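Visitor: just the structure for this:
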Amino acid sequence: MKNKIAFGLCAAGLGIASIGMMGLSSEGQAGFVLAVKITAVGLVIAGAGIILNKIKERGTFDNHTL
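Guide: Here you go, the predicted structure:
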């Protein structure tokens, strides 16, 4: 990934998602729901980073085509 912002979003999102996934085996229902929400937020952040990277790569790709 050439875009450092997109890389940072992906790394942070995957880190948050992994922390949320660690809590999925919690005993209480409230803890499980919180872990699912944290995992979902982490995956959304990582997805935003991937989309940002794709947009950035498409813009540079179009500049180099004939």
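
Visitor: can you map out the helices along the protein?
Guide: Under the criterion DSSP state H, the chain contains helices at 4-22, 29-64.

Visitor: most packed of these?
Guide: Looking across these with neighbours counted as mean count of other Cβ atoms under 10 Å, the highest average goes to helix 4-22: a mean of 15. All C-beta spots, glycine's among them, are computed from the backbone N, C-alpha and C.

Visitor: helices or strands next to it in the packing?
Guide: The contact analysis (3 or more Cβ pairs under 8 Å, 6 or more residues apart in numbering; DSSP states H and E) places helix 4-22 against helix 29-64.

Visitor: quick one: work out the angle between the helix it packs on and helix 4-22.
Guide: For helix 29-64 against helix 4-22, the angle by axes from the mean of the first three to the mean of the last three Cα atoms, to 10 degrees is 160 degrees.

Visitor: hmm, back to that, any chance of JSON lines for the helices of the chain, columns mean pLDDT?
Guide: JSON lines is the format used below for the helices of the chain (pLDDT from 0 to 100):
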{"stretch": "helix 4-22", "mean pLDDT": "88"}
{"stretch": "helix 29-64", "mean pLDDT": "82"}
